[in-house]
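Chemist: Below is the structure, and that's it, no one-letter string:
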Ligand code: AKB
């Protein structure tokens, strides 16, 4: 039976990964850890939750030992746009949490999942059908951390036998916790703004393609990869995964077909413009498909219908 620790559990992915893991492995076997007391209090209503600073290696080690943890899902990270506001903090936090996770995984014999990102790519990467193995020269601190993290995770695997695996997540669209500080956040924010105000101002240029995944597929990718037969993995850190790619203008046009009164405009943020232009237009995820059976279920149309229904419900509930 697995004993799982989710670090950074209160964020966009963690909020939905914790119940997904509870369903698969049993609630008692999943511990949700976060830094902020108010987040831990909230997580504690539906899961075993603890306060932990991933940079405090002694407390981290104690928790792994006491709870007999064998699998770590390390979700601690500052995202791309926020990272540019404080590169030193982004490096310290993103790399510190990963390095502690890998070192403790070596000592306590744990498997480690840490998301990488399309942020690992840069301007010189082929943008169309971006291959699994290609140029990774990002120009954001977030991307520098992601590339370093991929290399470090592979190093800990080959040098110390740590079972480290990861995927390069594109933008993740979800209706649980909001994302924060990412370049792809517009693709979530727009749904709430449409429902609440019928209009949206987008900070990403109208014609920028970026890959996206709907959360149920992101969760499936995470646990499917961690359950994959290691003998079949040619790659480990990190696999391209995607299920759709669109521009803001294409997304908004599709939403307008469902909500004809919806209007939008653009107030482009230069940092987000530069970051989004440097990322792929669409990934080639054939290695994930071949090596561990990746097969996403959600396309753009179904995702939009589901997001509109879920966000409407949430906004109406909050208004009561
Ligand atoms: C971001 O926009 O920074 C993230 C990502 C694609 O890694 N959502």
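Modeler: Cool, the structure landed. Keep in mind that what you see is a predicted model, and the values were worked out from it rather than measured.

Chemist: Every contact and neighbour count from this point should use C-alpha atoms.
Modeler: OK.

Chemist: Look up how far residue 178 lies from residue 65.
Modeler: Separation of residue 65 from residue 178 (C-alpha to C-alpha, to the nearest Å) stands at 32 Å.

Chemist: Show me the helices in the chain, by range?
Modeler: Here the chain has its helices, by DSSP state H, at 12-25, 37-43, 57-66, 80-85, 87-108, 141-160, 186-197, 215-227, 248-258, 270-278, 286-292, 300-319.

Chemist: Give me the more crowded residue out of residue 65 and residue 178.
Modeler: The neighbour comparison of residue 65 against residue 178 (other C-alpha atoms under 10 Å) goes to residue 178, with 16 against 13.

Chemist: Go ahead and confirm that one touches residue 188.
Modeler: Yes - the criterion here is C-alpha atoms under 8 Å, and residue 178 meets it with residue 188 at 7.5 Å.

Chemist: measure stretch 178-193 end to end?
Modeler: End-to-end distance for stretch 178-193: 13 Å, by C-alpha to C-alpha.

Chemist: what comes up buried for that stretch?
Modeler: When burial is assessed from 16 or more other C-alpha atoms under 10 Å, stretch 178-193 yields the following buried residues: 178-180, 182-193.

Chemist: What of stretch 231-249?
Modeler: Buried residues in stretch 231-249 (16+ other C-alpha under 10 Å): 235-249.

Chemist: In strands, which of the residues you listed fall?
Modeler: Counting by DSSP state E, those place 239-240, 244-246 in strands.

Chemist: Format those as TSV; extra columns: pLDDT.
Modeler: Output for those, formatted as TSV (pLDDT from 0 to 100):
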residue	pLDDT
239	98
240	98
244	98
245	98
246	98
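
Chemist: ok, which pair from the residues you listed is furthest apart?
Modeler: Checked with C-alpha to C-alpha, these reach their widest spread between 239 and 246, with 20.4 Å between them.
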